[in-house]
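In: below are the sequence and a predicted model; questions follow.
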Amino acid sequence: MSRSFYRDVVAPLIPGVRHSAALIGPGSEVLRFDTARSTDHDWGPRVLVFVPGEAVAEVRAAVEAGLPDRFGGLPTVFTYHGQERSGVTVTELGEWLTGRLAFDPRQGVSLLDWLSAPWQSLAEVTCGEVFHDGLGWL
């Protein structure tokens, strides 16, 4: 679903924008643990779009302005961890990685980084699927 959501909805909203897109991070669908019960909370079409830092606000605005109400019969804006927001996160990769792991592994991984990173966070960052890697970062 997320691959189709990216291909059919999100990518056409940002033509010509250098970006990478993936479904990584928290969520049972990333770790392939989805069941019918998963749909009762924080669930819907979603994708992460990574762009250079200076492009985040502009790309986020373009996506929010063009996002349809529904995709595949599901709302594109839903409650996620108690907050209502779209299933599209537009961010800079280093900021996102630091938020998930407390370090950006592209800058190197120290012994302390490795030992202090929760296995769940490592799984969330390394599992999932990359849909497009226009930045060459994923």
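Out: That came in fine, so what should we check first?
In: kindly state the beta-bridge partners for residue 85.
Out: residue 78 (DSSP bridges).
In: in this protein, which residue sits furthest out from the middle?
Out: Distance from the C-alpha centroid of the chain peaks at residue 111, with 26.9 Å (Cα atoms, centre = their mean).
In: now do the contacts for residue 65.
Out: With Cβ atoms under 8 Å, 6 or more residues apart in numbering as the criterion, no residue contacts residue 65. Using the backbone N, CA and C atoms, a C-beta is placed for each residue, glycine as well.
In: in a helix, it, correct?
Out: Yes - judged by DSSP: H, G, I helix; E, B strand; the rest coil, residue 65 forms part of a helix.
In: residue 11 and residue 19, how far apart?
Out: Noted for residue 11: a distance of 9 Å to residue 19, by Cβ to Cβ, to the nearest Å.
In: show me where the chain has its helices.
Out: For the chain, helices defined by DSSP state H occupy the ranges 2-5, 11-13, 56-66, 93-101, 111-116, 119-126.
In: mind listing what's buried in the longest one?
Out: In this case it means helix 56-66. Within helix 56-66, the residues that count as buried by 16 or more other Cβ atoms under 10 Å are 56, 59-60, 62-63.
In: over to the shortest one?
Out: Buried residues in helix 11-13, counted by 16+ other Cβ under 10 Å: 11, 13.
In: off-centre distance for it?
Out: Put simply, helix 11-13 sits 15 Å off its chain's centre (Cα atoms, centre = their mean, to the nearest Å).
In: which residues sit against that helix?
Out: Helix 11-13 is contacted by residues 21, 62-63, 66-67, 132 when judged by Cβ under 8 Å, 6+ apart.
In: can we see that at 7 Å?
Out: Contacts with helix 11-13, where a contact means Cβ atoms under 7 Å, 6 or more residues apart in numbering, come from 62-63, 66.
In: turn those into CSV, columns for pLDDT and distance to residue 122.
Out: Formatted as CSV, those follow (pLDDT from 0 to 100; distance: Cβ to Cβ, whole Å):
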residue, pLDDT, distance to residue 122
62, 96, 32
63, 96, 28
66, 96, 34
